[in-house]
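Asker: Would you be able to build a 3D model of this:
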Amino acid sequence: MYKKIITVIFSICVTALYAQDPEELTREGVELGRKQKFDESLQKLDESIKLYNVRSARTLHNMGYVYELKGEIDKAIPAYEEAVRRNPIQIPSLERLGYLYYKSGLFDKAVATGEHVLKLDPKNQEVIKWLPDAYKQKLIAQAKAQMEEAEKEEKKVIKEEVAEEEKPQEKKRILLATIEGMSRTGYFLDSRGFEVVSDNGIGPNMPNLLFIDAGPFDGWEARITTGNPYYGALMPDANAWMEKVEGMFNAGGYYLGFGVLGNHHRSGDIFGQNKHRNDYKMGMLFGFTKDKARVDIALYPRLIMRDGEKSGGQTFDADYFDFTYTYIFDKYLRYYTKLTINEFYFFDHTIPKCVYAGVYDFSIGVVLNRHNELTGQKRLLFNFSLTERMYFGNINIDDPYAKFGNGQGWFGINTDKWTKGDPFSGFRSLSHVFTAVVEEYIHTYIFLYQSLGFELADTSEDHHEITFKLGAGVEL
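Answerer: Next comes the predicted model:
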């Protein structure tokens, strides 16, 4: 009885020890593979790998070989790869792996593996059977890939060129001309209430303006602006008419130009008599466009052709400055910031005395455009702006020929009073202006526009003002 029990226990132990031998499991797996019992063979080989990882490289090689016999190349390759990882100098695995790379069209890997085998075994006869053709196929594949990449790049360039050609090109403007007129209605803070405000001018006593911008020649542009200008509700009738003639040359996103500005006074508000006083100034223009931003600068300083001590009688002197920054988000939206300065000086050289009046506008605005979806042409425009307007003035200036003194400088700076804590003695008042503009194309080349403005002045002044402007234009 006891002998039988011991015999059974011994048999179980021997069987367990035998089963734990990876080499025996490998032999059984190979034998089952030869008998085409593939699933059982793989099971034995897998057990061998788990039992003895260090010596499993050969087992993995055999597993890869069985997968080859089974026709499952996609499983044979990983097995050979793992065998090589565990034993990098196991040449049979490298041979089979390189060959399978070659047959699978992985010529880069096939060549690298074949070269590695020849380094380990320079006289190896297996890899030289397929390695020369693998080199050839690798070069062919590289050349084909380069050709495909070149064709792809060429198609991309052609596609971009076609898209650029098909993209609506910005039409070069040959001519832009506008004409406009304005009515003014003041709300007076005394008992008068609303009342139409007359604006002294040559011709109609109302603000009006004609603008022409012509660019018939490439790179060259000419502008003419003339009319009875409007400077704000609280400005005196300092200027009854103005004309401005400018010429510019454009190159590479920059432009430079020069102009002549004429101003004409014919009001009795200053000298007490209705006489003509004329002033002409030379100025310069500069601007540039970069990406989506544009800057425009116009400067007509009083110091160029300035009235001085040698002038006689009564004279009229003026200056003008404009700075505009525009940012174009896209064809539908743009933003702008604008600073405009107009200053006027009236001299009586027989005394001598001087009267100064100036207005400074700082504006921010947004412009929205609508376009025809088929033609891309602009059809409707909305412009809303907010302006902070500063008025300056100084009378009975007793040093009329000082370049920057007594309220005659920029921003009404009075150099005589600077150290006395009153540098801006010429400052008069501040007002807020809200303006809305609608522009509509009624024809391909013709548009109409209307503007409604509200100026809210300081309560220390005598009135606020409402303005309504009508205009028409042609763009070719």
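
Asker: isn't residue 264 right next to residue 280, touching?
Answerer: No: checked against Cβ atoms under 8 Å, the pair residue 264 and residue 280 is beyond contact range at 9.8 Å. Any C-beta I mention is one placed from the backbone N, CA and C, and that applies to glycine too.

Asker: Of these two, which one has the most company?
Answerer: With neighbours defined as other Cβ atoms under 10 Å, residue 264 and residue 280 compare such that residue 264 has more, 19 against 14.

Asker: So for the more buried one, what pLDDT did the model give?
Answerer: Reading off the confidence values, residue 264 has pLDDT 90.

Asker: That one sits in which helix or strand?
Answerer: Per DSSP states H and E, residue 264 falls inside strand 254-265.

Asker: and the gap between residue 442 and residue 208?
Answerer: Noted for residue 442: a distance of 21 Å to residue 208, by Cβ to Cβ, to the nearest Å.

Asker: between the two, who's got more neighbours?
Answerer: More neighbours sit around residue 208 than around the other of residue 442 and residue 208, counting by other Cβ under 10 Å; the figures are 21 against 10.

Asker: Pretty sure the more buried one sits against residue 181.
Answerer: Yes: Residue 208 is within contact range of residue 181, at 4.6 Å (criterion: Cβ under 8 Å).

Asker: which other helices and strands contact the longest helix anywhere in the chain?
Answerer: Of all the segments of type helix in the chain, defined by DSSP state H, the longest one is helix 131-166. Where contact means 3 or more Cβ pairs under 8 Å, 6 or more residues apart in numbering; DSSP states H and E, helix 131-166 is packed against helix 91-103, helix 107-120.

Asker: What residues of the longest one count as buried?
Answerer: This points to helix 107-120. Burial within helix 107-120, assessed by neighbour count using 16 or more other Cβ atoms under 10 Å, is assigned to 107, 109-111, 113-114, 116-117.

Asker: Could you do stretch 442-451 as well?
Answerer: Under 16+ other Cβ under 10 Å, the buried positions of stretch 442-451 are 447, 449, 451.

Asker: One more: stretch 59-74?
Answerer: 59-68, 70.

Asker: Can you list which of these are found in helices?
Answerer: Using DSSP H, 59-68, 70 are the members of the buried residues of stretch 59-74 that sit in helices.

Asker: JSON lines please, covering the helices and strands packed on helix 131-166 and showing mean pLDDT and distance to residue 471.
Answerer: Written out in JSON lines, the entries for these read as follows (pLDDT from 0 to 100; distance: least, Cβ to Cβ, whole Å):
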{"stretch": "helix 91-103", "mean pLDDT": "88", "distance to residue 471": "78"}
{"stretch": "helix 107-120", "mean pLDDT": "88", "distance to residue 471": "72"}
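
Asker: Keeping just the C-alphas, turn the strand holding residue 264 into CSV.
Answerer: Listed in CSV are the C-alpha atoms of strand 254-265, where the atom choice follows Å, rounded to 0.1, in the frame of the first residue of the first chain:
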residue,chain,number,x,y,z
TYR,A,254,5.4,103.1,-48.3
TYR,A,255,4.4,106.5,-49.7
LEU,A,256,5.9,109.9,-49.5
GLY,A,257,4.4,113.1,-50.7
PHE,A,258,4.2,116.9,-50.5
GLY,A,259,1.4,119.4,-50.7
VAL,A,260,0.2,122.9,-50.5
LEU,A,261,-2.6,124.0,-48.1
GLY,A,262,-4.5,127.2,-48.6
ASN,A,263,-6.8,128.8,-46.0
HIS,A,264,-9.0,131.8,-46.5
HIS,A,265,-10.6,134.0,-43.8
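
Asker: Check which helices and strands it sits against.
Answerer: Contacts defined by 3+ Cβ pairs under 8 Å, 6+ apart place strand 254-265 against strand 220-228, strand 241-251, strand 277-290, strand 293-300, strand 314-330, strand 333-348.

Asker: okay, the angle between that strand and strand 277-290?
Answerer: Interaxial angle of strand 254-265 relative to strand 277-290 (axes from the mean of the first three to the mean of the last three Cα atoms, to 10 degrees): 160 degrees.

Asker: Next, the angle from strand 254-265 to strand 293-300.
Answerer: Computed by the same axes, to 10 degrees, the angle between strand 254-265 and strand 293-300 is 40 degrees.

Asker: Each with direction, which strands does strand 254-265 pair with?
Answerer: With DSSP bridges as the test, strand 254-265 is paired with strand 241-251 (antiparallel), strand 277-290 (antiparallel).

Asker: Could you check the shortest one and say which residues are buried?
Answerer: Applying a neighbour-count criterion of 16+ other Cβ under 10 Å, the buried positions in strand 241-251 are 241-242, 244, 246, 248, 250.

Asker: what's the closest of the helices and strands packed on strand 254-265 to residue 30?
Answerer: strand 314-330 (72.4 Å; Cβ to Cβ).

Asker: centre of the chain versus that closest one, how much separation?
Answerer: Once both centres are worked out by Cα atoms, centre = their mean, to the nearest Å, strand 314-330 turns out to sit 25 Å from its chain's centre.

Asker: ditto for stretch 250-260
Answerer: Stretch 250-260 has its C-alpha centroid displaced from the chain centroid by 23 Å (Cα atoms, centre = their mean).

Asker: same question, stretch 282-297
Answerer: Going by Cα atoms, centre = their mean, where stretch 282-297 is centred and where its chain is centred differ by 17 Å.

Asker: Likewise for stretch 126-139?
Answerer: Stretch 126-139 has its average C-alpha position 54 Å from the chain's average C-alpha position, going by Cα atoms, centre = their mean.

Asker: Geometric centre of the protein: which residue is closest?
Answerer: By Cα atoms, centre = their mean, the mean C-alpha position of the chain lies nearest to residue 292, the distance being 5.2 Å.

Asker: ok, now how distant is it from residue 239?
Answerer: Residue 292 sits 36 Å away from residue 239 when distances are taken as Cβ to Cβ.

Asker: tell me the contacts of residue 235?
Answerer: For residue 235, the contacting residues are 357, 359, 391, by Cβ atoms under 8 Å, 6 or more residues apart in numbering.

Asker: Helix or strand: which one has the first one?
Answerer: The reference is to residue 357. The secondary structure element spanning residue 357 is strand 353-371 (assigned by DSSP H and E).

Asker: and residue 214, what is it in contact with?
Answerer: If a contact means Cβ under 8 Å, 6+ apart, then residue 214 has 174-176, 221-223 as its contacts.

Asker: From those residues, which one has the minimum pLDDT?
Answerer: Across the set of the contacts of residue 214, residue 174 stands lowest in pLDDT, at 87.

Asker: I'd guessed that one sits against residue 217; true?
Answerer: No: here residue 174 does not reach residue 217: they are 9.7 Å apart, not a contact under Cβ under 8 Å.

Asker: Please work out which residues outside stretch 301-315 touch it.
Answerer: Identification of contacts with stretch 301-315 by Cβ under 8 Å, 6+ apart yields 271, 275, 277, 279-283, 316-319, 321, 343, 345-350, 352, 401, 403.

Asker: That one: which residues count as buried?
Answerer: The neighbour-count check on stretch 301-315 (16+ other Cβ under 10 Å) flags 301-302, 307, 314-315 as buried.

Asker: Skipping its backbone neighbours, what lies nearest residue 101 in space?
Answerer: Using Cβ to Cβ, 6 or more residues apart in numbering and skipping the chain neighbours, the partner closest in space to residue 101 is residue 110 (3.8 Å).
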